[in-house]
Structure formats: C-alpha cells, structure tokens
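Participant: Predicted model, plus sequence, below.
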Amino acid sequence: MTAATEAGIQPELEDLPERRLGVSAALQFLRRNPLGAAGALVIVAMFLMAAFADFIAPYNPVANAFDRMHQPPSFENWFGTDQFGRDVFSRLVYGARTALMVGFLSSLIGGTIGLVLGVASAYFGGRIDLIFQRVLDVFMAFPLIILALAVIAIFGSGAQNVIIAITIPFIPRCARVVRSTALAIREMPYVDAARACGFSHSRIILRHMVPNVMAVYLIMITAFVGQAILLEASLSYLGLGVQEPTPAWGLMLQGGAEEYAESAPWIAIFPGMAISLAVFGFSLFGDAVRDELDPKLRSR
Amino acid sequence: MYQYILKRILLTIPTLFGAALLVFLLLRLVPGDVCLLRMSGGAGYVDPKAMDFCRAELGLDRSYVVQFLDFVWRFIRFDFGNSMWTGMPIRDEIGLRFQLSLQIAIMATLTAIVIAIPLGTVSAVKQNTWIDYGVRAFSIAGIAMPSFWLGILIILGLLVTTKSLFGTPWMPPIKYVPLWVDPIYNLSMTIFPALATGYRYSAVATRMTRSALLEVLREDYVRTARAKGLVQKLIIRRHALRNALLPVVTILGIEFAFLMGGLVVTEQVFNLNGLGKLFVGSVTNQDYTMTQTLVMLVVTIFVITNFVVDIIYAWLDPRIRYK
C-alpha cells in the first residue's frame, strides 16, 4: 500500500499505518470499480453544484420574467426559459440543493432510526422481536409512494412534510435488513462476553453491535438516497411535494411540462435528465459500495 | 404443502389487520376536525346541526373501537361508503378504474418478462464483456429514470414524430374502452404507459435474472453438464434457467404488487383514468374516506400477491416447503 512496501522494504509492525479508511483506500476503491467511480463523480458534481449554486447560476431561479417566456436554449439561457420566464439552467442548479437536502436528510434519518430499531429488535429477541417483525411486515405492505402520499394527505405538502413523508417508509426497510445482519452478530462471543461483564443494554447495542452492521447500513443509505430523490421528484410532480416557487427538479416537470411539450420541450427534458443522472450516479456508487463491503454479493 | 399454505394464510391475517389499524389511525391523525374542514369551507363558522349531520354520516360520533370494527367489517363486504369528494359510492368509482389499472399492470409485467429474461441471460452468459456492461447500464438507467419522465419523453416523441409524419400531432386517447370491445383503440391507449412502466420493471428483473443465473452457472451440475458435452444453449435452457428463475419469479411478483398502487405518477402523465389518478385526486381534495379505502385496497392486493408468490415459490422449489 505504501511506497515502502512496494519497494520491497519490510516495515516494522509498529510502523504499519493503522487507518484503513484513508485517502489511499478510497482511491483504490475507485480504481477497482470504474462504474462506482463514475457514480462518485456524478455525486461530487451534484454537491459542488448545490454548494456553489450562487456562483454557478447566471440568473435568479425564482425571478419571473414575462417578457422572456418559453425561450428556446440560447446563449443567454443555456437551457431555455420556462413558462414564467425563469432560466431553466439556474433552476436546475438550485434544484440540486433541494434534491440533495431531501435525499440525504430522509435517507440518513430514516436509515439511522431503522438501524437502531433493527439492532435493538435483534438484540432483545424473543417476543419483542416477534412483535417488531409483525409491525415491520405491516409497514412493508405499503408501497413507498402510497405511504408517502398518505403522510402528505395528513400533514399537507411542503418541503418539511416531504422529508417526513419520505423518511417514514424507509425506516422499516432499513430495519428489516439491519435486523437480519444483527441477528447473526448477536451470536458472536464478544456480545456474550460484554453481557457477562455486566454492560448495559444500550452500551452493548451502541458500542458493540452497531459498528458491525455499519456495512449494511452504508449500503442501504446509499441505495436510499437515489430512491429518495426519485420519490421527492414524483411527489413534486404530482403537486403534493415541494411547492412553488422553490426550485426542485420534480416541480419543474410538473409546471407545464405536458402542456408545453410540443412548443417548449426543453422545460421537460432537462430536469428529467438531471433526476435520471443523479439517481444513476447514486445507484452506481451504491452498487460499488455494496460490492466492496459485502463479499458475498461481489460480482464474480 | 398444505401446512405451508395454512401457515402463510395465518401470517397474512395479522398483517392485513395491522395495516387496517395503521390506515385507520393515520387518517384520524389529521390535524383539525374533518367535519369542520369539510363543512366550513374556510369561513370558520358552521351550523352545529350540519356538523352533527356530518359526524353521523361519517360515523365519527361513535367510539374509536366501534368505528374501526365497522370499517373492517364493511371493507370485507366491499361496502366502502360514499366518497367525500364526489358523493358517489366509492365502490362504483373504484370499479370503473380498477379494470384499466389492472390491464396496464398486466401489460407492463408482460413487457418486463419479454425484455428482462433474454437480456439477463445474455448478460450473465457473456459476463464482463461489452454486452454485459451495456445491459447493466441499460438496466441501471431503467431504475434511475423516473418513469414519469420516460412517459413525458414518450409523449413528446409521439407528438413530434406524428407531427412530422402526418402533419397533425396525435396523442393517445383518454376515454377508456375495454379491450374486448375495441382492441386497437384500447391498445393505442395502454401500450405507452405499459412500456414506460415496463422498462423500469424490466430493469429490476434483468438485474435479478443476471445475478441468479451467474450463481447457478457456478453450480456443480452445470459443470457436469458441460463435461458431458452438452451444448451451452441447451445447458442454459434445460438446467440453468429453470433454477435461476426462482428469485426472478419472486421479484416479478413483488413488483407486480407494487404496480397496482405505484402507477400513480404514470397515470398522471398519460392522463389515464385509473386507480392512481383517483388516489392523487382523493389526497388533493382531502377525501379521507376514499384515501382510506384506496390505501387499504392497495395494501390488500399487495399482501395477497405476496401470498400467491410465496405459494408459487414453494410449489416450484420443494426445499422451501420444509423450512
């Protein structure tokens, strides 16, 4: 790994680097998985776009300009303007912020809650586990979008409620996967040893079991972000997600994408391409992460 | 086998019950009073007699337990009550649209099967070649692309092509005619959403076929068949594919269950009068009885489909029955 070992010099045991998750490990990961590297590139580009949106976007994304409605892509408006005269490219760039925010927040929160619940259920076992499994089954019986729509029906639309609506269906999905891994870990000797030492339940769960399911957790989180972005786009498209005039990719598709499909197709094409590319990137990256962290699933 | 079926049935009942409870609770969580929302229309003042009437009509004046039991009992008998939004019996509203959604779901499934199995097989047999990479990229694109965007693109493509070919743009028809009455009209309406949904569906199935077949091709009996001198094509057809198709069947079944409810956005794009559009309409118009019924319906279909898939899986793979 280091230049010393490549040159054939045997390092002393104390000199060996201890960190496994350093930059070199990341670079090796990228080199081994070209598709994952492509996905990572897309993700990084998205982050940069969202972070530096103020500098990248040429126009104000919410400024109406009724003298410039439905302009085709030109030198002034790279992706054209929409039905209110807003620059599509600027809205696209700012839309990355909404997508990433919703995607990451719901994925992280949902995944973490699912992680804790799944591990706790596997740890306690017995009747608690049985009941929890039944409850999980009930939640899993709802397709993602149906549950999200039901939550929106109760709490109304808007960015905050969208995040809640997307987080809730993810919790049982993550919990179920984490639980099956945690069940295997529960049988390991060190959990017994920890119990024999008299550690509290929460300490064993948080400090011994959770770190060992991190691989599955990371896999699920990266898979969720892509799905969360897609779900947010669907909800906004239906008019039940993020509301105008916030720039969001799904919302851009809703606002007259079909009415003006013939006369101004650029309103529909570019946001959809952005969504596809983003989910594509996250899927590729997630696949690569899964191949790395789960040797059983590695593609042969 | 019968014991397995019985066990499965016993498992579905608490799931359905729990789902009904969840749906019931969810819609009682609406902040504010449903009747107030409905009757006042924003004015803030409501005649108390109107409120009482609304409450009695919706059955909100009884205790929660009675309401829930009544909900479950009526649901089993297909008596869904009246919609708060249109006032018509919900059963009629759903009946109209159920046919269309079912037809598109079936067509999408067929599309998925026709695309996924050959592609997945080719991709597994020629692993790590350009064909494999192409198929994998194709399937990941299918999962990544929002199906409603694909639908919009299809409509766009149709408009542009028909305009250039025939002079006037043509859109798929909106009024629903059953398949047996006028097949061509019906197909011209349903084939495009079926394709849009089927692409995504087939992407999932392709990936599953590929990974399942990859596993099977490493098995000993395949090696024996090869040693025997059997042609590759026959090995795949006679031995490998049948064993690999087990998880694929499971995935297809699960995705079909999703389709019935998940067509929500595709129907919006293609302006189809299906269950999904009804669902969105009921959420937008705060029609809680209809939302409740539709969610319960989708969940029931999902649970029943999963049950059927489990049974088929056990029938195909005898090892499962004895677990």
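Facilitator: Looks like it came in fine. This is a predicted model, so every value here is computed, not measured. Residues are numbered from 1 along each chain as shown, chains lettered A, B, ... in the order given.
Participant: nearest residue to A:Ile43 other than its sequence neighbours?
Facilitator: Distances taken as Cβ to Cβ, 6 or more residues apart in numbering or on different chains put A:Gly281 closest to A:Ile43, at 5.2 Å, once the chain neighbours are dropped. All C-beta spots, glycine's among them, are computed from the backbone N, C-alpha and C.
Participant: could you measure the one you found against A:Ser236, distance?
Facilitator: Counting by Cβ to Cβ, to the nearest Å, the gap from A:Gly281 to A:Ser236 is 20 Å.
Participant: before we move on, the earlier item: give me the number of residues near the residue nearest to A:Ile43?
Facilitator: Counted by other Cβ atoms under 10 Å in any protein chain shown, the residues lying close to A:Gly281 total 24.
Participant: Which other helices and strands does the helix or strand encompassing it contact?
Facilitator: Per DSSP states H and E: A:Gly281 is located in helix A:266-293. Applying 3 or more Cβ pairs under 8 Å, 6 or more residues apart in numbering or on different chains; DSSP states H and E, one finds that helix A:266-293 contacts helix A:23-32, helix A:34-51, helix A:88-124, helix A:214-237, helix A:249-254, helix B:130-144, helix B:147-166.
Participant: check contacts around A:Arg134.
Facilitator: B:14-15, B:18 (Cβ atoms under 8 Å, 6 or more residues apart in numbering or on different chains).
Participant: Return the member of the residues you listed nearest to chain A.
Facilitator: B:Gly18 (3.6 Å; Cβ to the nearest Cβ).
Participant: that's a helix at that closest one, yeah?
Facilitator: Yes: under DSSP: H, G, I helix; E, B strand; the rest coil, B:Gly18 falls within a helix.
Participant: Now for it, how many residues are close by?
Facilitator: 18.
Participant: Test my guess that the residue nearest to A:Ile43 contacts A:Ala37.
Facilitator: No: assessed by Cβ atoms under 8 Å, A:Gly281 is found out of contact with A:Ala37, at 10.6 Å.
Participant: who's in contact with the closest residue to chain A within the stretch 51-200 of chain B?
Facilitator: Nearest residue of the stretch 51-200 of chain B to chain A: B:Trp149, at 3.3 Å (Cβ to the nearest Cβ). By Cβ under 8 Å, 6+ apart, B:Trp149 lies in contact with A:253, A:268, A:271-272, A:275-276.
Participant: for B:Thr190, same thing?
Facilitator: Taking Cβ under 8 Å, 6+ apart as the test, what B:Thr190 contacts is B:100, B:103-104, B:107, B:272.
Participant: Lowest-scoring secondary structure element of the chain by mean pLDDT?
Facilitator: Unless you meant another one, I'm taking chain A. Sorted by mean pLDDT, DSSP states H and E, the helices and strands of chain A end with helix A:3-6, the least confident at a mean of 49.
Participant: I was thinking of chain B, sorry if that wasn't clear
Facilitator: Ranked by mean pLDDT, DSSP H and E, the weakest helix or strand in chain B is helix B:34-40, scoring a mean of 66.
Participant: what's the closest of the contacts of B:Trp149 to B:Ala137?
Facilitator: Of all these, B:Ala137 sits closest to A:Ser276, with 12.2 Å by Cβ to Cβ.
Participant: Check the spacing between the closest one and B:Leu150 real quick.
Facilitator: For A:Ser276 relative to B:Leu150 (Cβ to Cβ), the value is 9 Å.
Participant: show me where pLDDT drops low in the chain?
Facilitator: Since no chain was named, I'll use chain A. For chain A, the stretches flagged by pLDDT under 70 are A:1-21, A:255-262, A:294-300.
Participant: oops, I was thinking of chain B
Facilitator: Looking at chain B by pLDDT under 70, you get B:30-46, B:58-59, B:61, B:84-85, B:168-170, B:261, B:321-323.
Participant: For the stretch 51-200 of chain A, which segments count as helices?
Facilitator: Per DSSP state H, counting those that start in this stretch, the stretch 51-200 of chain A carries helices over the ranges A:53-56, A:88-124, A:126-140, A:144-155, A:159-186, A:189-196.
Participant: what packs against the second one?
Facilitator: Counting contacts by 3+ Cβ pairs under 8 Å, 6+ apart, helix A:88-124 is packed against helix A:34-51, helix A:53-56, helix A:126-140, helix A:159-186, helix A:214-237, helix A:249-254, helix A:266-293.
Participant: now those in CSV, with distance to B:Ile5?
Facilitator: Listed next are these as CSV, based on distance: least, Cβ to Cβ, whole Å:
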stretch, distance to B:Ile5
helix A:34-51, 43
helix A:53-56, 57
helix A:126-140, 18
helix A:159-186, 24
helix A:214-237, 32
helix A:249-254, 43
helix A:266-293, 35
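Participant: just the ones you listed: most buried one?
Facilitator: helix A:249-254 (a mean of 27; mean count of other Cβ atoms under 10 Å in any protein chain shown).
Participant: can I get the CA coordinates of it in CSV?
Facilitator: The C-alpha coordinates for helix A:249-254 follow below in CSV (Å, rounded to 0.1, in the frame of the first residue of the first chain):
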residue,chain,number,x,y,z
TRP,A,249,-36.5,19.1,-10.3
GLY,A,250,-39.8,17.3,-9.9
LEU,A,251,-41.6,20.6,-9.7
MET,A,252,-40.1,21.8,-12.9
LEU,A,253,-41.5,18.7,-14.6
GLN,A,254,-44.9,19.4,-13.3
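Participant: for A:Ser157, phi and psi?
Facilitator: Backbone geometry at A:Ser157, expressed as degrees, to the nearest 10, gives phi -100, psi -180.
Participant: check contacts around it.
Facilitator: A:Ser157 neighbours (Cβ under 8 Å, 6+ apart): A:235, A:239-243.
Participant: List buried residues within those residues.
Facilitator: Neighbour-count burial (16 or more other Cβ atoms under 10 Å in any protein chain shown) applied to the contacts of A:Ser157 gives A:235, A:239-242.
Participant: and those residues near chain B, which?
Facilitator: Restricting those to those touching chain B (Cβ under 8 Å from any Cβ of the partner chain) yields A:239-240.
Participant: what does the stretch 1-150 of chain B put close to chain A?
Facilitator: Counting by Cβ under 8 Å from any Cβ, the stretch 1-150 of chain B sits next to chain A at B:11, B:14-16, B:18-19, B:21-23, B:26-27, B:29-31, B:127, B:136, B:140-141, B:143-146, B:148-149.
Participant: Report the buried members of those residues.
Facilitator: Buried among these (16+ other Cβ under 10 Å): B:15-16, B:18-19, B:22-23, B:26-27, B:136, B:140-141, B:143-146, B:148-149.
Participant: mind listing the helices for the stretch 1-150 of chain B?
Facilitator: Using DSSP H, counting those that start in this stretch, helices in the stretch 1-150 of chain B cover B:2-28, B:34-40, B:48-58, B:64-76, B:90-125, B:130-144, B:147-166.
Participant: Which of these has the highest mean neighbour count?
Facilitator: The most buried one of the helices of the stretch 1-150 of chain B (mean count of other Cβ under 10 Å) is helix B:90-125, showing a mean of 20.
Participant: other SSEs contacting that one?
Facilitator: By 3+ Cβ pairs under 8 Å, 6+ apart, helix B:90-125 packs against helix B:130-144, helix B:183-216, helix B:241-262, helix B:275-284, helix B:288-316.
Participant: Now do the contacts for the residue lying closest to A:Ser234 once chain neighbours are set aside.
Facilitator: Leaving aside its sequence neighbours, A:Ser234 sits nearest to B:Val265 (Cβ to Cβ, 6+ apart; 4.9 Å). By Cβ under 8 Å, 6+ apart, the residues touching B:Val265 are A:145, A:234, A:237-238, B:146-148, B:276.
Participant: Would you point out the most distant pair within those residues?
Facilitator: Maximum pairwise distance among these (Cβ to Cβ): 14.5 Å, between B:Pro146 and B:Gly276.
Participant: For whatever residue of the stretch 51-200 of chain A ends up closest to chain B, which non-adjacent residue is spatially closest?
Facilitator: Chain B sits closest to A:Val138 of the stretch 51-200 of chain A, with a gap of 3.6 Å, by Cβ to the nearest Cβ. Among residues not flanking A:Val138 along the chain, B:Gly18 sits closest, at 3.6 Å (Cβ to Cβ, 6+ apart).
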